[in-house]
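Enquirer: one predicted model, sequence on top.
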Amino acid sequence: MNKISIKGLSVRFGDKAALRDVNLDVYEHEILSVIGPANSGKSTLLLCLNRMVDRIYGSRVDGKLLLDGQNVYSIEDVEELRRRVGIVFAVPIPLPMTIRENILFGPKLKGRLKRSEADHLVESSLKAAFLWDEVKDRLETFALRLSGGQQQRLCIARTLALKPEIIMFDEPCSGLDPISTAKVEEALKELKKSYTMIFVTNNTKQAARIGDRTAFLLMGELIEIDRTQTIFTVPSNKKTEEYVTGRFG
Ligand SMILES: Nc1ncnc2c1ncn2[C@@H]1O[C@H](COP(=O)(O)OP(=O)(O)OP(=O)(O)O)[C@@H](O)[C@H]1O
Ligand SMILES: [Mg+2]
């Protein structure tokens with residue numbers, strides 16, 4: 001089943017085209033890896049799905065974006081859309097608060113939480129992000145004292161606390177060491193059972209490890225989308241083959 005359907009999506013920033021006539025679907029509970037060299041439109045694609053692109057001066061979006069069959073541009077409550085479609089960025093930016101407060105910040109904006117509800121939310125979100133065991137004895141510690149990898153998992157936990165349906169990741173491991181990266185990847189594999197995920201990465205090996213399917217973008221165009229194994233072993237397009245074998249990009 002399609003969680004997201006993108007039809008004829010084109011995005012311009014002023015007179016510059018960032019995406020051209022992109023058509024792709026994201027299935028429920030899959031991880032879709034999105035790869036491509038710099039400036040290929042990967043981040044722009046994510047920013048369209050929760051309409052953060054609307055905030056960019058001079059942006060223009062054409063085409064159709066459907067979430068559970070509903071046009072994303074006919075959704076009136078954009079904040080609710082952004083809760084449903086969460087995003088985790090490359091650089092983890094915890095709020096200057098404790099670990100616990102970081103998790104509860106978003107949910108509390110929607111209303112008061114009972115102590116027991118808050119405790120449960122903190123624990124379940126941290127467990128799902130594979131961070132609980134490392135921080136359960138120090139939830140009142142200032143979040144900025146965590147390591148980079150822990151901060152990134154905290155940002156994932158913070159997104160999960162809002163109970164999203166889709167989680168988009170924009171190069172979430174680019175600043176992490178291999179061990180922290182492995183932990184984030186482990187968390188993602190577990191999350192797949194409950195969420196639909198789009199995973200943008202510059203790292204083709206990581207895309208191959210993580211994605212059920214992989215989409216290859218180049219200069220704003222979707223060159224190919226297929227099962228990850230196919231993209232990395234027998235892609236149909238020559239450009240895809242050149243990119244995944246490291247001949248350019
Ligand atoms: N805020 C903006 N204003 C103007 N142009 C932008 C803006 N954001 C992106 N672009 C342009 O849109 C195109 C696609 O950029 P995008 O950031 O989506 O690429 P990307 O694939 O995520 O690249 P990277 O791998 O470097 O993150 C680029 O040509 C970029 O210069
Ligand atoms: Mg980007």
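Expert: Alright, I've got the coordinates. Ligands and ions are numbered 1, 2, ... in the order given.

Enquirer: and the residue nearest the centre of the chain, what element?
Expert: What sits nearest the mean C-alpha location of the chain, by CA atoms, centre = their mean, is residue 168, with 1.5 Å. Using DSSP states H and E, residue 168 falls within strand 166-170.

Enquirer: what's the answer for residue 11, then?
Expert: Assigned by DSSP H and E, residue 11 falls in strand 2-13.

Enquirer: for stretch 95-102, buried residues please.
Expert: For stretch 95-102, burial by neighbour count (16 or more other CB atoms under 10 Å) applies to 98, 99, 100, 101, 102. The C-beta positions use only the backbone N, C-alpha and C, and glycine is treated the same way.

Enquirer: contacts only, for the fourth one.
Expert: Listed by CB atoms under 8 Å, 6 or more residues apart in numbering, the contact set of residue 101 reads 95, 143.

Enquirer: same question for the first one.
Expert: Shown in contact with residue 98 (CB under 8 Å, 6+ apart): 139, 140, 141, 142, 143.

Enquirer: please pick the buried ones from those.
Expert: 139, 143.

Enquirer: can I have the helix or strand of the chain with the lowest mean pLDDT written out in CSV, keeping just the CAs?
Expert: For the chain, using mean pLDDT, DSSP states H and E, the weakest element among its helices and strands is helix 178-191, scoring a mean of 89. What follows is helix 178-191, C-alpha atoms only, in CSV (Å, rounded to 0.1, in the frame of the first residue of the first chain):
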residue,chain,number,x,y,z
PRO,A,178,31.3,4.3,12.7
ILE,A,179,30.1,2.9,16.0
SER,A,180,27.5,5.7,16.5
THR,A,181,26.4,5.2,12.9
ALA,A,182,25.9,1.5,13.5
LYS,A,183,23.8,2.2,16.6
VAL,A,184,21.6,4.6,14.6
GLU,A,185,21.3,2.0,11.8
GLU,A,186,20.3,-0.6,14.4
ALA,A,187,17.6,1.7,15.7
LEU,A,188,16.2,2.3,12.2
LYS,A,189,15.8,-1.4,11.5
GLU,A,190,13.7,-1.8,14.5
LEU,A,191,11.6,1.3,13.8
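
Enquirer: and for residue 108, the neighbour number?
Expert: Per other CB atoms under 10 Å, the neighbour tally for residue 108 reads 14.

Enquirer: any idea how far residue 165 is from it?
Expert: 21 Å (CB to CB, to the nearest Å).

Enquirer: likewise residue 82?
Expert: For residue 82 relative to residue 165 (CB to CB), the value is 12 Å.

Enquirer: how about stretch 83-91, does it reach ligand 1?
Expert: No. Judged by CB under 6 Å from any ligand atom, stretch 83-91 and ligand 1 are separated, with a smallest distance of 8.1 Å.

Enquirer: how far does that stretch sit from the chain's center?
Expert: 5 Å (CA atoms, centre = their mean, to the nearest Å).

Enquirer: cheers, nothing more for now.
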